[in-house]
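[1] sequence first, then the predicted structure:
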Amino acid sequence: MTLFARAVGGLGPDHSWARNLDATAVIAALGGMHLLWLRTWWRRRRTTRRS
């Protein structure tokens, strides 16, 4: 949670383009990992409920 909070805090027009790019990359990576976890959880949940 701290990494995400720092990444969001690193975004803004008063920061350099490199810092904004780094923060965006961190947010995208964390979001992607969460989406993959959610997709896996949903598939596993769906298959166990049918059985």
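    Sure thing, it's come through.

[2] residue 24 - nearest residue in space that isn't next to it in sequence?
    Spatially, and ignoring its direct neighbours in sequence, residue 24 is nearest to residue 11 (7.1 Å; CB to CB, 6 or more residues apart in numbering). Every residue, glycine included, has its C-beta placed from N, CA and C.

[3] sec struct for residue 15, please.
    At residue 15 the chain is in coil, as set by DSSP: H, G, I helix; E, B strand; the rest coil.

[4] so who does it touch?
    Residues counted as contacts of residue 15 (CB atoms under 8 Å, 6 or more residues apart in numbering) are residue 23.

[5] go again with 10 Å.
    The neighbours of residue 15, taking CB atoms under 10 Å, 6 or more residues apart in numbering as the test, are 9, 21, 22, 23.

[6] what of residue 3?
    Applying CB under 10 Å, 6+ apart, we find residue 3 in contact with 26, 27, 29, 30.

[7] for the helix or strand in which the third one is found, packing partners?
    Spelled out, it's residue 29. Taking DSSP states H and E as the criterion, residue 29 maps to helix 17-50. Packing partners of helix 17-50 (3 or more CB pairs under 10 Å, 6 or more residues apart in numbering; DSSP states H and E): helix 2-9.

[8] one step back: quick one: which two of the contacts of residue 15 are the most distant?
    For those, the farthest-apart pair by CB to CB is 9 and 21; their separation is 14.9 Å.

[9] neighbour count winner among the two?
    Ranked by neighbour count (other CB atoms under 10 Å), residue 9 and residue 21 place residue 21 first, with 13 against 10.

[10] from residue 1, how far out is the more buried one?
    Residue 21 sits at a distance of 22 Å from residue 1 (criterion: CB to CB, to the nearest Å).
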